[in-house]
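Peer 1: Structural data only, the sequence is not supplied:
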């Protein structure tokens, strides 16, 4: 098993919230992650659309998995999201990361979130602080 998968498996095993979301890891490699989840009824708000925190949380998990996949423990320090289309119960959301830049201290990622019809429903940007602590010894 490669290092990126080993690290993400370890992260998700201890991540009760990502488990509650029902996140499935589709692909992971150093600096990259593609995950999916299905929106459930209890994730909707008073407008019968997905609470904005659902797509945000999916993207935040994708950020964490991609940023940590190189073996260095990394923590988000700045994140933002723009919602472009409504999401409803039953929609399958897929978050895919793109590493924009990385140095010894910080890394920046863009995450696109698409629905089952390949329509972008949100854009997420995240910056992480790269600690000096390693995931695996």
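Peer 2: Thanks, I have the structure now. Predicted model only: the values in this text are computed from it and were never measured.
Peer 1: So which residues of this protein form helices?
Peer 2: 3-13, 16-21, 52-68 (DSSP state H).
Peer 1: buried residues in the lengthiest strand in the chain?
Peer 2: Counting residues, the longest strand in the chain under DSSP state E turns out to be strand 120-134. Residues of strand 120-134 classed as buried: 121, 122, 124, 125, 126, 127, 128, 130 (neighbour count, 16 or more other CB atoms under 10 Å). (Each C-beta comes from the backbone N, C-alpha and C, glycine too.)
Peer 1: quick one: low-confidence parts of the protein?
Peer 2: Scanning the chain for pLDDT under 70 picks out 1.
Peer 1: would you turn the buried residues of strand 120-134 into a markdown table with distance to residue 40?
Peer 2: Listed next are those as a markdown table, based on distance: CB to CB, whole Å:
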| residue | distance to residue 40 |
| --- | --- |
| 121 | 16 |
| 122 | 18 |
| 124 | 21 |
| 125 | 26 |
| 126 | 24 |
| 127 | 30 |
| 128 | 28 |
| 130 | 34 |
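Peer 1: So what's the residue count around the residue lying closest to residue 4 once chain neighbours are set aside?
Peer 2: Once flanking residues are discounted, residue 4 sits nearest to residue 69: 3.9 Å by CB to CB, 6 or more residues apart in numbering. Residue 69: 26 surrounding residues under other CB atoms under 10 Å.
Peer 1: Residue 69 contacts residue 7, correct?
Peer 2: Yes - Residue 69 is in contact with residue 7 according to CB atoms under 8 Å; the separation is 5.8 Å.
Peer 1: close enough to count as contact, residue 102 and residue 31?
Peer 2: Yes - Residue 102 lies in contact with residue 31 (CB under 8 Å); the separation is 7.0 Å.
Peer 1: Fine by me, thanks again.
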